[in-house]
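Engineer: requesting a structural model of the entry that follows:
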Amino acid sequence: MEECTVLIVGAGPSGLALATVVLEMQVEVAEDPRGIAITGDAVRISYALGIGNELTTKIGQSENLSSYALAGSIILICYCEPSQTLEFFTFIIKHGKILHSCVSIPDMITCIKASQMQSTNFNLTTVYIMHTLVEQENAKTYLERELRKRVAALPSIDLRVGCEVLSRTEEEAGVVVKYKDAKGEIQSIRTSYLIGADGKRGIVRKKFLEPEGIKQEVGLYNHVSTWIAANFDITLPTPTTHPDFPLWKLGYSPQQVYDAFWPSGFHFVNDTKRPVATGSFGPKGTHLWRYEYSIEDEDSLDDPIAHLWSQIGSWLEIPGYKFSSKLKGTVVAYPRDCVDVTRCRPFTFATKVVNRWHCRRTILIGDASHVFPPFGGQGIAAGVRDACGLSWRLALLSRMSASSLAHDKFLTGWGHEQRQLCDHATKSTMVNGSITNQRSYTIAFLFRAFMRLLWSIPGVAHFMSRYVLGNVFQYQEFDGLFALVDKHGGHKMPQIWIRRGSEKPQLSDAIFHRDPSRLALVNIVRHEDDSIDEISMAKRIQKMALPGDFLGVDNVTNLYLGSGTSEDKSQIYRPCSRQELVAEGIEPVVGYDPDTLAKSIGSKTKYALIRPDFFIHSLACSEEELLSNGKAISDYFLL
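Structural biologist: Numbering: from 1, shown residues only. Model prediction:
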């Protein structure tokens, strides 16, 4: 019988992020309504997976959201007044003060351009823009296709499409899975771990684990509703194709016409009669648009596309006076033949999360374990986080002889961590959803007035942006948490650009985690005599007596955080300034601060133990404290 260490069912983003041997029933990428946003640390993980550059080129773009999110907008990138015409109220904020707001169409175009201004008032934990809208419509640029291409290039990964899983048999130290392959033949494979990444209706949870008592339950946000999800592929009218279009006489270009009717960014509309979530997505240069709206009790969905046009039609008509007094009394309509509806179907969403994430050697990730409404763009992100947090745990477990109790404790701890991350993501989704679905005009009006007042207070934008970007998240302590909270563990290690000598700048994640299946140790160098050679470090690691080859010399980095420079120290890395990066042809993200890492760990830290999912396990101020933290890891598995 064929054997493998990890067998994954489902080749979506979650399964491919964890890929080893993957069984996928669909030969091609699924054409169901897909998420269009990658948010938060999932962007950071995507770079670690090697597809980061494609996020903003072939797969998606970050400009539309970065101009608002990183300029200080709260969870709502921008949001609308309740109206039958597209009147956006937008905040452009720098250093905690409103610089510009607008409701008119020409002002919106100016506002979008103004929002590209740079601000350095935000303490980011990553060098990447935290929101990316990805194209899930064009088969050539699917996120999943890009992941599949990367998977196919790795000899250690085997993606098998056209395979239907039939049964699962538990053994003492593994699972036997029977499946029908692409040729219709029945195959069996024995695996140490079976991972269900096959969606909310997948076989692993529905057939194998629900009889064991594992099921999805309502999470923090108890909201269930049905919406229409539509995708548009929009072309730009021109004086040649539409000579009678009235805006040509005002000097508008085709792109300005597009910007007027399809404003940059993603927008949540708290219309009291019918909430809407709408915005652009996909790679720069494309004109793809997502339009989602709620289904009301009186609606008939016999013809979803006709129903869509009954809703979107008025949104494509703007009173002429909003462009110019010369067009007063007229209505300017975007040409309907320039809007191609590529997808339109209803779907029901809710917030649910499993009551348990694993049963012995069978584990759930992605939509199989949790589902989110579309208000926060958390679906893909949460699944990728699941895979990132699980991958190194399985690698470590496969290299050590842990008792069944320790084994269960490690995976249960992972499940509790993921639940905390899900709850954190749900809170932002809940805020967005509560505002978007607000049906009281009075409450909506009061909220807008409050927001105008709140954002006028210096410092508010900074604080709220830190919350939105997740800087304030830290695991709450519980039995099984693989981090020492009393040693400042449980929060993310900030990511910065670093370099050694005159070498090219590199991302700290790539340097610290040269082997992403093991812990990393960062030795903080504040004085010339603080650096540690490999022989000395190997002895210290040996003293730590970590189980399962948790830490190797290859994952030890000397990082200089002292005053002055360390360019002469060829074996010691140091942070790169914005000026250095620009000189090297690297455009740092808005808000990049090379001192972020130093501020995060404090001035007394000498050693930082970092998990492969970028969370800090513990900080130490001395070698004795480091050895004590290492002993805590050994004790964790002594059950």
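Engineer: now stretch 495-509 - C-alpha only, CSV.
Structural biologist: Provided in CSV are the C-alpha atoms of stretch 495-509 (Å, rounded to 0.1, in the frame of the first residue of the first chain):
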residue,chain,number,x,y,z
GLN,A,495,8.9,41.9,9.5
ILE,A,496,11.5,44.4,8.2
TRP,A,497,14.1,44.6,5.4
ILE,A,498,17.6,43.6,6.6
ARG,A,499,21.0,43.2,5.0
ARG,A,500,24.5,41.9,5.8
GLY,A,501,27.4,44.0,4.8
SER,A,502,26.9,45.3,1.3
GLU,A,503,24.6,42.4,0.2
LYS,A,504,21.2,43.1,-1.3
PRO,A,505,18.4,43.8,1.2
GLN,A,506,16.3,40.8,2.1
LEU,A,507,13.1,40.2,4.1
SER,A,508,13.7,39.3,7.7
ASP,A,509,11.3,36.4,7.4
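Engineer: can you give the domain ranges for the chain?
Structural biologist: As given by automatic domain parsing, the domain ranges for the chain are 2-31+124-216+350-437, 225-349, 485-636.
Engineer: hey, which of the ones you listed is tucked in deepest?
Structural biologist: A comparison of the domains of the chain by mean neighbour count, using mean count of other Cβ atoms under 10 Å, puts domain 2-31+124-216+350-437 on top with a mean of 20. From N, CA and C alone the C-beta is placed, and that goes for glycine too.
Engineer: so how far is that domain from its chain's centroid?
Structural biologist: 15 Å (Cα atoms, centre = their mean, to the nearest Å).
Engineer: now stretch 293-302
Structural biologist: 31 Å.
Engineer: quick check: Val175 is in a strand.
Structural biologist: Yes: secondary structure assignment places Val175 in a strand (DSSP: H, G, I helix; E, B strand; the rest coil).
Engineer: do you know how far it is from Glu623?
Structural biologist: According to Cβ to Cβ, to the nearest Å, Val175 stands 43 Å off from Glu623.
Engineer: okay, helices next: where are they in the stretch 351-500 of the chain?
Structural biologist: Using DSSP state H, counting those that start in this stretch, the helices of the stretch 351-500 of the chain run over 379-398, 404-436, 441-454, 460-468.
Engineer: now these as JSON lines including mean pLDDT and distance to Tyr258?
Structural biologist: Formatted as JSON lines, the helices of the stretch 351-500 of the chain follow (pLDDT from 0 to 100; distance: least, Cβ to Cβ, whole Å):
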{"stretch": "helix 379-398", "mean pLDDT": "86", "distance to Tyr258": "27"}
{"stretch": "helix 404-436", "mean pLDDT": "85", "distance to Tyr258": "25"}
{"stretch": "helix 441-454", "mean pLDDT": "73", "distance to Tyr258": "27"}
{"stretch": "helix 460-468", "mean pLDDT": "56", "distance to Tyr258": "28"}
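Engineer: can you tell which of the ones you listed is closest to Cys359?
Structural biologist: When these are compared by Cβ to Cβ, helix 404-436 sits nearest Cys359, at 9.8 Å.
Engineer: helices or strands up against that closest one?
Structural biologist: strand 266-269, strand 358-359, helix 379-398, helix 623-636 (3 or more Cβ pairs under 8 Å, 6 or more residues apart in numbering; DSSP states H and E).
Engineer: for these, which one sits closest to Glu170?
Structural biologist: strand 358-359 (8.5 Å).
Engineer: from the rest of the structure, what touches the closest one?
Structural biologist: Leu209, Glu212, Ile214, Leu364, Leu411, Thr412, Gly415 (Cβ atoms under 8 Å, 6 or more residues apart in numbering).
Engineer: OK, contacts around Glu477?
Structural biologist: So Glu477 contacts Val485, Gly490 (Cβ under 8 Å, 6+ apart).
Engineer: 7 Å - rerun?
Structural biologist: Val485 (Cβ atoms under 7 Å, 6 or more residues apart in numbering).
Engineer: ok, now how distant is it from Val354?
Structural biologist: Separation of Glu477 from Val354 (Cβ to Cβ) stands at 22 Å.
Engineer: now do Gly379
Structural biologist: 15 Å.
Engineer: is it true that Tyr258 touches Leu236?
Structural biologist: Yes: judged on Cβ atoms under 7 Å, Tyr258 makes contact with Leu236 at a distance of 5.2 Å.
Engineer: between these two, what contacts are shared?
Structural biologist: Common neighbours of Tyr258 and Leu236 (criterion: Cβ under 7 Å, 6+ apart): His287.
Engineer: which parts of the stretch 201-350 of the chain are helices?
Structural biologist: 203, 254-261, 304-312.
Engineer: residues in contact with the first one?
Structural biologist: When you say that, I think you mean helix 203. Val165.
Engineer: for the record, mean pLDDT for that helix?
Structural biologist: Helix 203 shows a mean pLDDT of 94.
Engineer: which SS class is Glu580?
Structural biologist: helix.
Engineer: just give the nearest non-adjacent residue to it, would you?
Structural biologist: Pro505 (6.8 Å; Cβ to Cβ, 6 or more residues apart in numbering).
Engineer: I'd say the one you found and Ala583 touch.
Structural biologist: No: if you go by Cβ under 7 Å, Pro505 and Ala583 don't touch, sitting 9.7 Å apart.
Engineer: can you lay out the helices and strands packed on helix 404-436 as TSV showing distance to Cys163?
Structural biologist: Formatted as TSV, these follow (distance: least, Cβ to Cβ, whole Å):
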stretch	distance to Cys163
strand 266-269	36
strand 358-359	22
helix 379-398	20
helix 623-636	37
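Engineer: of all those, which one is nearest Thr240?
Structural biologist: Nearest to Thr240, of these and by Cβ to Cβ, is strand 266-269 at 30.6 Å.
Engineer: quick one: strands adjacent to the closest one?
Structural biologist: Here strand 266-269 has these sheet partners by DSSP bridges: strand 78-80 (parallel), strand 276-281 (antiparallel).
Engineer: quickly, which of the ones you listed bottoms out on average pLDDT?
Structural biologist: strand 78-80 (a mean of 29).
Engineer: correct me if wrong: Lys220 contacts Ala425.
Structural biologist: No Lys there; residue 220 is Leu. No: assessed by Cβ under 7 Å, Leu220 is found out of contact with Ala425, at 9.7 Å.
Engineer: residues contacting the residue nearest to Ala368 when sequence neighbours are not counted?
Structural biologist: In this structure, Ala368 finds its nearest non-sequential neighbour in Gly196, 4.6 Å apart by Cβ to Cβ, 6+ apart. Counting by Cβ under 7 Å, 6+ apart, Gly196 makes contact with Val9, Gly10, Gly202, Val204, Arg205, Thr362, Ile363, Leu364, Ala368.
Engineer: same check on Pro239?
Structural biologist: Applying Cβ under 7 Å, 6+ apart, the residues contacting Pro239 are Trp248.
Engineer: for Val522, see how far away Leu561 is.
Structural biologist: Using Cβ to Cβ, one obtains 10 Å as the distance from Leu561 to Val522.
Engineer: try Phe372
Structural biologist: Distance of Phe372 to Val522, computed by Cβ to Cβ: 34 Å.
Engineer: picking that back up, dump the helices of the stretch 351-500 of the chain to CSV, plus distance to Pro588.
Structural biologist: CSV is the format used below for those (distance: least, Cβ to Cβ, whole Å):
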stretch, distance to Pro588
helix 379-398, 23
helix 404-436, 25
helix 441-454, 29
helix 460-468, 17
